[in-house]
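*Asks:* got a sequence here, can you model it:
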Amino acid sequence: MRRPLALLVLLAGCTAELASDRAVPIGPDPRLRLRKVSEGNAFTPTADRSLWERRVRFLREQQLVASGLWPAPERCALNPVVTRTIDRGEYVVENLYFASLPGFYVTGSLFRPKRPGRFPGVLCTHGHDRKGRFQDTGEKTRDGNPNPDRFPYQARCITLARLGCVAFLYDMVGYADSKQMRHPGDMPATRPAEGTLDLEGLECEQYLLSTMGLQTWNSIRAVDYLLSRPDVDPDRIAVTGESGGATQTLMLMMTDARLAAAAPVCMVSTGFQGDCICEQAALGKIGSDTVEFCAAFAPKPLIVVSATGDWTKDMIEKGGPEIRSTYEAMGAGDRVNVVRFQAPHNYNRTSREAVYAWFNTWLRLGHPSAPTEPPFEPLDPKELAVFDEAHPRPADALDAKGLKDFLRRSAEAAATKLTASERRAALRHLVASDLPPPHSVRETSRTENALRLTRSNGSDVVVERFTPSAPRGAAAVVLGSRKDVVDALLTRGIPVLAVRPFRRAERPSSLGFFPCFNRTALAERVHDALTAIAWLKDQPGITRVDLVGCGAEGTTALLARALSGDAVGRTCAEDAGFSFRSIRSVDDDRFLPGALRYGDVAGLAASATSGDLLREEGSLAAARMAEWLTRP
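*Replies:* A predicted model of the protein is given here:
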């Protein structure tokens, strides 16, 4: 996708006239238009297998970082407890709970064959039905006819157990027995007010805490639980769910390599990406979407189910071909299927039977023909309750505040143990950028006073270039609008590439899910600085590239330096005493999700691998910076 355009410009002479002093003809900046939850990312498959495998590794790490799971939290003991066992003759139901974190419990109902053996384990996630695992859609349909699909969640799990699977239907956060915190609301057209949700908002984003991350961790621990059971075959683990449950399915596909097969239902599309707050996390879909998530599951068996009556209606024509093309490039064209049924948003019997047939093949259930769903005697939803008077919630169960405090403290403790390499890896995802490879940034156009630089992925930046009459071999990228700094550098013979800070015209708080789909302004500025550094490093006669961050751009310089390796020699950074703890709004130009999780400015800046650094908590005199950069 074609992205950025920021400000950087071309002039020769010894006295600088910066872009802030006059208009620079660069055209509109496409980054000023924010991506919304209704938009995909136009995934385009590649036939280059090695390139795709690198991309998949990046995507998996991105999802772990966005979910607050990178590096992975310490796994506590599961300590599973079965509170009720129901013998239904052919199959058995176990209501149970286990600890996914100290003081936080996953609750659910497990349906297993009564006969002995080792069976595939299938995680069954659910969507945003009001009653969740206790779903009862009513005796009658809306038109007054008998309801043939009154208990679809039970139908799925009972049938899977009859087919020879151990199926675990577990609660979304805030549903059924999972009442330690509230489930967040749906469809925020604008950002919810700070403090109105249990595990969302500015403070949580700075530590990458979210409902989506918690639910993803619960799913990973649910895999742990299945693998702890003697009746589950560890080589045959699958997951399936619809709508919001399909989002959980996709997230487990991206974060847990132990899965053998998957079936997301009525979620994947080239457009809409899921509008419950539990389906999005800051950084999670920058540069990606649900179609690419499915492609990234290759070569493992995958069936994607869509419907004519919801946003997945075009999957056969849009999205499906791209997923199939990726599977074919991986030599696994027979392991993917994209189907569409004439139905509204659903996980109805037709959709379920398509999934049963897929699992029969790829989980090796052994049925000679495609299984159908037989009639069943439903349980009263009350029978599925995990907690009751005889089996109360554990006494150490945390409330929402206690959980948030525990997660924040855990993140801060983990940050102290991170290596410089781990911090750099995290930073690449926080800013959704990295230093471009050598010779990959091209000059694509220029005007009388402007130079456009373009990365190989199509992202642009426009720069101001100032060349002294007697240039040295070293050159400097200057971030921020300080004419005196540029003049001082030119006087000492240092060529300058000047970058004007990117600014958003629209307040991020005016858009729901802003940091899930878009780089923040600070991340855009780091991206621009890295583009400028890479291009300048490639220019003939340049023996060293230095970096100068003026004012608030000192933060940008420190972060760009950390990702630049040996491409940057010396760095001057002003305002070095800044801390991300001072951020009070997502509209702040230096808001950066995850910054506090990975050690604040100091921790992230310390991950730089080379180069001298001059930093000042306040401002630096232009002459001092120029003198320091030109010292022997």
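*Asks:* quick one: contacts for the residue positioned nearest the centre of the chain?
*Replies:* Closest to where the C-alpha atoms of the chain average out (CA atoms, centre = their mean) is residue 284, at 1.8 Å. Residues counted as contacts of residue 284 (CB atoms under 8 Å, 6 or more residues apart in numbering) are 62, 63, 66, 67, 212, 516. Quick note: C-beta positions are derived from backbone N, CA and C, even for glycine.
*Asks:* can you pull the pLDDT of the fourth one?
*Replies:* Looking at residue 67, its pLDDT is 98.
*Asks:* please name the nearest non-neighbouring residue to it.
*Replies:* residue 213 (3.7 Å; CB to CB, 6 or more residues apart in numbering).
*Asks:* quick one: that neighbour is in a helix?
*Replies:* Yes - under DSSP: H, G, I helix; E, B strand; the rest coil, residue 213 falls within a helix.
*Asks:* burial of it, as a residue count?
*Replies:* Residue 213 has 27 neighbouring residues, counting by other CB atoms under 10 Å.
*Asks:* residue 354 too?
*Replies:* 18.
*Asks:* please, which helix or strand holds it?
*Replies:* helix 349-362 (DSSP states H and E).
*Asks:* show residues contacting that helix.
*Replies:* Counting by CB under 8 Å, 6+ apart, 120, 122, 148-149, 152, 155-156, 159-160, 163, 165, 238, 240, 242, 260-261, 263, 265-266, 301, 303, 305, 307, 335, 337, 339, 341, 343, 365-367, 370-373 sit against helix 349-362.
*Asks:* average pLDDT across the next helix or strand after that helix?
*Replies:* Downstream of helix 349-362, the first helix or strand assigned by DSSP H and E is helix 400-415. Per-region confidence: helix 400-415 scores 94 on mean pLDDT.
*Asks:* same question, stretch 249-264
*Replies:* 98.
*Asks:* show me where pLDDT drops low in the protein?
*Replies:* Scanning the chain for pLDDT under 70 picks out the ranges 1-28, 186-188, 449.
*Asks:* give me the domain ranges for it.
*Replies:* 7-23+419-630, 72-139+151-414 (automatic domain parsing).
*Asks:* would you mind giving those domains as JSON lines with distance to residue 48 added?
*Replies:* Output for those, formatted as JSON lines (distance: least, CB to CB, whole Å):
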{"stretch": "domain 7-23+419-630", "distance to residue 48": "13"}
{"stretch": "domain 72-139+151-414", "distance to residue 48": "8"}
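*Asks:* out of those, nearest to residue 45?
*Replies:* Closest approach to residue 45 among the domains of the chain is made by domain 72-139+151-414 (4.4 Å; CB to CB).
*Asks:* show me how far the closest one is from its chain's centre.
*Replies:* 17 Å (CA atoms, centre = their mean, to the nearest Å).
*Asks:* also stretch 602-609?
*Replies:* Distance, stretch centre to chain centre, for stretch 602-609: 23 Å (CA atoms, centre = their mean).
*Asks:* who's in contact with it?
*Replies:* 415, 418, 420-421, 423-424, 427, 430, 558-559, 561-562, 564-566, 595, 598-599.
*Asks:* now do stretch 153-164
*Replies:* Residues contacting stretch 153-164 (CB under 8 Å, 6+ apart): 88, 90-92, 109, 111-113, 117, 119-120, 122, 124, 126, 129, 133, 135, 149, 167, 169, 240, 347, 349, 352, 356, 359-360, 365-367, 371, 373-374, 376, 378-379.
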